[in-house]
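1. no sequence for this one, just the structure:
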């Protein structure tokens, strides 16, 4: 990883930063950490909070170029960023709607709670808030799972933390001995984006208002930092012009350098990629690693290779390759015959190939590598050509042709490397 360039300021501070390039490493690491973990809490993230405080001016400046807000308080740090790119894909693999509803019901109820409260008391207050809002709260098992999921999300953010007991006990016991801590001063920072309308009356307009960003340069910087890859075919004329003429200047490449990322630019699009030397484990890249282990990720990788070798070309989007939906299922059936029956793939996925296809679609769509057309065709991004084909089965040959050099010539990325998965 390269260190940041000389500080643009003057005086001893600038001189000190020029003399100590490790400052650039620390700034890049904490910026990437905030992208993956927007809440840093004392007692859990003290090292990262210390790095933010030591470099607060530079961190704020970098965050400001994206139009985001950094909150640094006595006992927590909060990055307030714009909504995630490609909202539909994020929602498909994000928390379930019922858990999200209970997340905000619990936030509303926590405001009136004492600093320490039992789980039953907090949930009862949240049920009262639901009744006041005219929401149904049937108190069934699905709702209990949603409540536990919401409490775990609040605990991860350090807003409502579990002090004692097991949250899962609430599944069978309304008065489970679970003690929670409510951090009232953090509640005000839960909602990162605000709109002037009422989301309950017109949610679509409210979402569009929250997501709107008039400056194309800021939109593009956000896309490159916040998403896996940016495809030229998805851009409007102003965004495409910025990517074509200004990405290597205008806070494009300089911003990537500050985050410790490499700019990869091709005719089909561009990406900020995390170099191998910049992280110790995949979890530092986000919650959607790919390539990765498991049946779904393996099936996705195999289909990417099939598309690279046999996919039909999209005349309107250079580099994109398509597989008809029925071909996807046929290929999965062939792979299941090789890797099923205790030879690597999960039995439940082998027994439900349409379900496996849906999981693969969610994985690839969530990291911007797949688009499904109106006719059901799976269109694979040019970026899927960045990985080597998977190794063959030790017992059978995998029925996937290896793409030749000419077929990969137009790929957006043509070297195997970790992919930037800042998908929060």
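-> Thanks, I have it. In this text, all values refer to a predicted model and were calculated from it rather than measured experimentally. Numbering: from 1, shown residues only.

2. So which residues of the stretch 301-424 of the chain form helices?
-> Ranges of helices in the stretch 301-424 of the chain, per DSSP state H, counting those that start in this stretch, are 325-339, 347-350, 353-366, 405-408.

3. what about those helices, which gets the closest to residue 79?
-> Between residue 79 and these, the shortest gap by Cβ to Cβ is with helix 353-366, which sits at 20.7 Å. No exception for glycine: its C-beta is placed from N, CA and C like everyone else's.

4. Tally up the residues packed near residue 42, please.
-> Counted with other Cβ atoms under 10 Å, the neighbours of residue 42 add up to 13.

5. right, so of the helices of the stretch 301-424 of the chain, which gets closest to residue 187?
-> Among those, the nearest to residue 187 by Cβ to Cβ is helix 353-366 (29.2 Å).

6. And the closest one, what's buried?
-> Within helix 353-366, the residues scored as buried using 16 or more other Cβ atoms under 10 Å are 353, 356, 357, 359, 360, 361, 362, 363, 364, 365, 366.

7. Repeat that for stretch 267-287.
-> By neighbour count on 16+ other Cβ under 10 Å, the buried set for stretch 267-287 is 268-274, 278-279, 282, 284-286.

8. what does stretch 114-130 give?
-> Those buried within stretch 114-130 under the rule 16+ other Cβ under 10 Å are 117, 118, 119, 122, 123, 125, 126, 127, 129, 130.

9. Now do the SS call for the first one.
-> This means residue 117. When classified by DSSP: H, G, I helix; E, B strand; the rest coil, residue 117 comes out as strand.

10. so what's it closest to, chain neighbours aside?
-> residue 180 (5.4 Å; Cβ to Cβ, 6 or more residues apart in numbering).

11. just to confirm, which helix or strand has the one you found in it?
-> Per DSSP states H and E, residue 180 falls inside strand 179-182.

12. I'd like to know which elements that strand is packed against.
-> strand 116-118, helix 119-132, strand 160-164 (3 or more Cβ pairs under 8 Å, 6 or more residues apart in numbering; DSSP states H and E).

13. export those to a markdown table and tack on distance to residue 232 and mean pLDDT?
-> As requested, the helices and strands packed on strand 179-182 are arranged in a markdown table below (distance: least, Cβ to Cβ, whole Å; pLDDT from 0 to 100):
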| stretch | distance to residue 232 | mean pLDDT |
| --- | --- | --- |
| strand 116-118 | 52 | 97 |
| helix 119-132 | 45 | 94 |
| strand 160-164 | 43 | 96 |
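
14. Any chance of these in a markdown table with distance to residue 334 as columns?
-> Shown next, in a markdown table, are those (distance: least, Cβ to Cβ, whole Å):
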| stretch | distance to residue 334 |
| --- | --- |
| strand 116-118 | 54 |
| helix 119-132 | 48 |
| strand 160-164 | 46 |
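
15. quick one: which of these is nearest residue 97?
-> Nearest of the helices and strands packed on strand 179-182 to residue 97, taken as Cβ to Cβ: helix 119-132 at 14.0 Å.

16. Now find how far off-centre that closest one is within its chain.
-> 31 Å (Cα atoms, centre = their mean, to the nearest Å).

17. who touches it?
-> Here helix 119-132 makes contact (Cβ atoms under 8 Å, 6 or more residues apart in numbering) with 102, 105-106, 108-110, 112-113, 136-137, 139, 147, 151, 160, 165, 167, 170, 174-176, 178-180, 182.

18. Could I get the buried residue list for the very next helix or strand once past that helix?
-> Scanning forward in sequence from helix 119-132 by DSSP H and E, the next helix or strand is helix 141-156. Buried residues in helix 141-156, counted by 16+ other Cβ under 10 Å: 143-155.

19. from those, which is closest to residue 386?
-> Closest approach between the buried residues of helix 141-156 and residue 386, by Cβ to Cβ: residue 153, at 32.4 Å.

20. still on that earlier bit, got the buried residues of helix 141-156 as a markdown table, with distance to residue 256 and pLDDT columns?
-> A markdown table is the format used below for those (distance: Cβ to Cβ, whole Å; pLDDT from 0 to 100):
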| residue | distance to residue 256 | pLDDT |
| --- | --- | --- |
| 143 | 44 | 95 |
| 144 | 44 | 95 |
| 145 | 40 | 96 |
| 146 | 39 | 96 |
| 147 | 41 | 97 |
| 148 | 39 | 97 |
| 149 | 35 | 96 |
| 150 | 35 | 97 |
| 151 | 37 | 97 |
| 152 | 33 | 96 |
| 153 | 30 | 96 |
| 154 | 33 | 97 |
| 155 | 33 | 97 |
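
21. Could you point out which of those is nearest to residue 302?
-> Nearest member of the buried residues of helix 141-156 to residue 302, counting by Cβ to Cβ, is residue 149, at 31.5 Å.
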